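Student: With the input below, show me the fold.
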Amino acid sequence: MITIVFCLVGWTLGWMIFGRPKSVTQLRSAAASVEQPSSCHGFDVIIPARNEAASIGLLLSDLASLPQSGNRVLIINDHSTDSTVEIASGFAGVEVIDAPDLPEGWTGKSWACHIGFEYLRTTTEDHDRGLVFFDADVRVDPDVVQLLVDQQSATGALVSVQPWHQTKRPYEKLSALFNVIALVGTAMSSPTRSSGAFGPVLVTTPADYQLAGGHEQVRDQVVEDLALAANYRLSGQRVELFRGAEAVRFRMYPNGLRQLSEGWAKNFATGAGSTHPLRLLAAVVWLTSLGSATALGIEAISGSGSPWTALALYIAFTAQLAWMFRQVGNFGLATAAVFPLLLGFFFCVFGWSLWRTYVRRSVTWSGRAISLGRQSQKPC
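Tutor: Numbers count the residues shown, from 1 in each chain. Sure, this is the predicted structure:
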């Protein structure tokens, strides 16, 4: 009976901590409902890229109209050894900048973003333009960038988007639970308690970026988006979070299970350490209740438990996860139905992340071993 009550409490907490996060499509609907002249907020885009030949052309196709409309698009080549530079250089108006050698104490992405900003700062006279950072694997609908820039201009906040996760191969479905926890950890449904940001899409202004210290201030942070958002808040600025809802999307980790495991492991332990303790506790209870429901199912199959109770809880958690999964990617009911497998994989990767972060003090990403110095663990 205690296990059943615990499962029900965890199921309820799951709804509470996930909430109803805002989406980019809501911005689109709001803009369509208001009759107003087209926006004229100019902006510049910085895209750090290291061996992104498989994805960079897709993003630049989405952004193809921007250089023609007076908005700059910069690719910061972080020592790519594939055809990233050749592909990017084939797009009209796109500027490709080679990043200098990585200095000691910097992570590659922060260094590339910093180089891109410094290049813009010294080559433009209009410093009131919007500033957009995209990861190279992001895809966007044609109108979305301007919508996000307009939102930033209207609110003065750092605007950040967690893209909708597109998957194509079966192993990629293992990311479903990680995507949910990423949204839960930021408390993005709360207008006053949200924390963190999403590195794939950041929209700000040069002045606000400098006030927060930019990527230089978080140069040694593996999870630079959390640290950058914390610095925005410390400097008195707001952070506004959205989910991509198919208008902003990406395909993460297309190169196999090892890439997927390394990708999530490199930042999840640090992310957990930056989550508010009460929210972290609620997430742990919810995840544990998923495990308890799984245990009840195993007991029912072995004949030592009630099959109807186990089935009811299994259906309840599957329905809950199916709804959550649809908010974060193309996962859906079939993926939710195998949540015991997802949960087992999640705990394996999270344990590995804890070991790499707090014992070995290093992680691996994009062919680089990243030494972990004093990573920020302070709740935002």
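
Student: Residue ranges in the chain under the pLDDT threshold?
Tutor: Across the chain, residues meeting the criterion (pLDDT under 70) sit at 34-40, 191-193, 268-274, 357-380.

Student: Regarding it, what is its longest helix?
Tutor: Counting residues, the longest helix in the chain under DSSP state H turns out to be helix 277-301.

Student: Show the secondary-structure elements that it is packed against.
Tutor: On a contact count with 3 or more CB pairs under 8 Å, 6 or more residues apart in numbering; DSSP states H and E, helix 277-301 meets helix 2-18, helix 176-186, helix 307-328, helix 339-355. Every C-beta, even on glycine, is put in place using the N, C-alpha and C of the backbone.

Student: Go through those and pick out the most buried.
Tutor: helix 176-186 (a mean of 24; mean count of other CB atoms under 10 Å).

Student: Next, the angle helix 2-18 makes with that one.
Tutor: 70 degrees (axes from the mean of the first three to the mean of the last three CA atoms, to 10 degrees).

Student: Helix 277-301 and helix 176-186, what's the angle between them?
Tutor: Relative orientation of helix 176-186 versus helix 277-301 (the same axes, to 10 degrees): 150 degrees.

Student: For helix 176-186, report the contacting residues that lie outside it.
Tutor: Applying CB atoms under 8 Å, 6 or more residues apart in numbering, the contact partners of helix 176-186 are 17-18, 21, 162, 165, 194-198, 241, 243, 264, 268, 271-272, 274-275, 279-280, 283, 287, 321, 324-325, 327-329, 331, 335-336, 339, 342-343, 345-346, 349.

Student: ok, 6 Å please
Tutor: Helix 176-186 is contacted by residues 17-18, 21, 165, 194-196, 241, 264, 271, 275, 283, 324-325, 328-329, 331, 335, 342, 346 when judged by CB atoms under 6 Å, 6 or more residues apart in numbering.

Student: Following element in sequence after it, please.
Tutor: Downstream of helix 176-186, the first helix or strand assigned by DSSP states H and E is strand 201-204.

Student: List the neighbouring strands of that next one plus their orientation.
Tutor: Counting by DSSP bridges, the strands paired with strand 201-204 are strand 130-134 (antiparallel), strand 158-162 (antiparallel).

Student: most packed of these?
Tutor: strand 158-162 (a mean of 28).

Student: Run the chain-centre distance for it.
Tutor: From the chain centre to the centre of strand 158-162 is a distance of 9 Å (CA atoms, centre = their mean, to the nearest Å).

Student: ok, and Pro142, which helix or strand is that part of?
Tutor: Using DSSP H and E, no helix or strand contains Pro142.

Student: Around it, count how many other residues there are.
Tutor: 12 (other CB atoms under 10 Å).

Student: what does Ser61 give?
Tutor: Ser61 has 10 neighbours, counted by other CB under 10 Å.

Student: which non-adjacent residue is nearest it?
Tutor: Phe91 (7.9 Å; CB to CB, 6 or more residues apart in numbering).

Student: how close does the one you found sit to Leu74?
Tutor: According to CB to CB, to the nearest Å, Phe91 and Leu74 sit 12 Å apart.

Student: Likewise for Val338?
Tutor: Per CB to CB, Val338 is found 42 Å from Leu74.

Student: Settle it for me: which of these two has more neighbours?
Tutor: Between Val338 and Leu74, counted using other CB under 10 Å, Leu74 has the larger neighbour count: 21 against 14.

Student: residues touching the more buried one, list them.
Tutor: Applying CB under 6 Å, 6+ apart, we find Leu74 in contact with 46, 95, 97, 116.

Student: Please parse this protein into its domains.
Tutor: 2-18+273-371, 25-254 (automatic domain parsing).

Student: Do me a favour and get the end-to-end distance for the last one?
Tutor: End-to-end distance for domain 25-254, by CA to CA, to the nearest Å: 26 Å.

Student: Let me see the contact set for Ser306.
Tutor: Ser306 neighbours (CB under 6 Å, 6+ apart): none.

Student: how does it look with 7 Å?
Tutor: Going by CB atoms under 7 Å, 6 or more residues apart in numbering, Ser306 touches Ala300.

Student: what's the answer for the one 10 residues further on, then?
Tutor: Taking CB under 7 Å, 6+ apart as the definition of contact, the neighbours of Ala316 are Trp11.

Student: Distance of it relative to Ser289?
Tutor: Plainly put, Ala316 is 10 Å away from Ser289 if you go by CB to CB.

Student: Mutual contacts of the two, please.
Tutor: In contact with both Ala316 and Ser289: Trp11, using CB under 7 Å, 6+ apart.

Student: quick one on the thing from earlier: any chance of the strands paired with strand 201-204 in CSV, with distance to Val218 too?
Tutor: Formatted as CSV, the strands paired with strand 201-204 follow (distance: least, CB to CB, whole Å):
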stretch, distance to Val218
strand 130-134, 13
strand 158-162, 13
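
Student: can you tell which of these is closest to Ala230?
Tutor: strand 158-162 (10.9 Å; CB to CB).

Student: Just give the closest residue to Leu241, not the sequence neighbours.
Tutor: Once flanking residues are discounted, Leu241 sits nearest to Met188: 3.9 Å by CB to CB, 6+ apart.

Student: What is the neighbour count of the one you found?
Tutor: Other residues near Met188 come to 27 when the count uses other CB under 10 Å.

Student: For Thr288, see how far away it is.
Tutor: 23 Å.

Student: How about Glu95: which residues does it bridge to?
Tutor: Glu95 has the following beta-bridge partners by DSSP bridges: Leu74.

Student: tell me the phi and psi of Lys168?
Tutor: Main-chain torsions, Lys168, degrees, to the nearest 10: phi -130, psi -30.

Student: now it: how far from Leu177?
Tutor: 18 Å.

Student: No further queries at this time; thank you.
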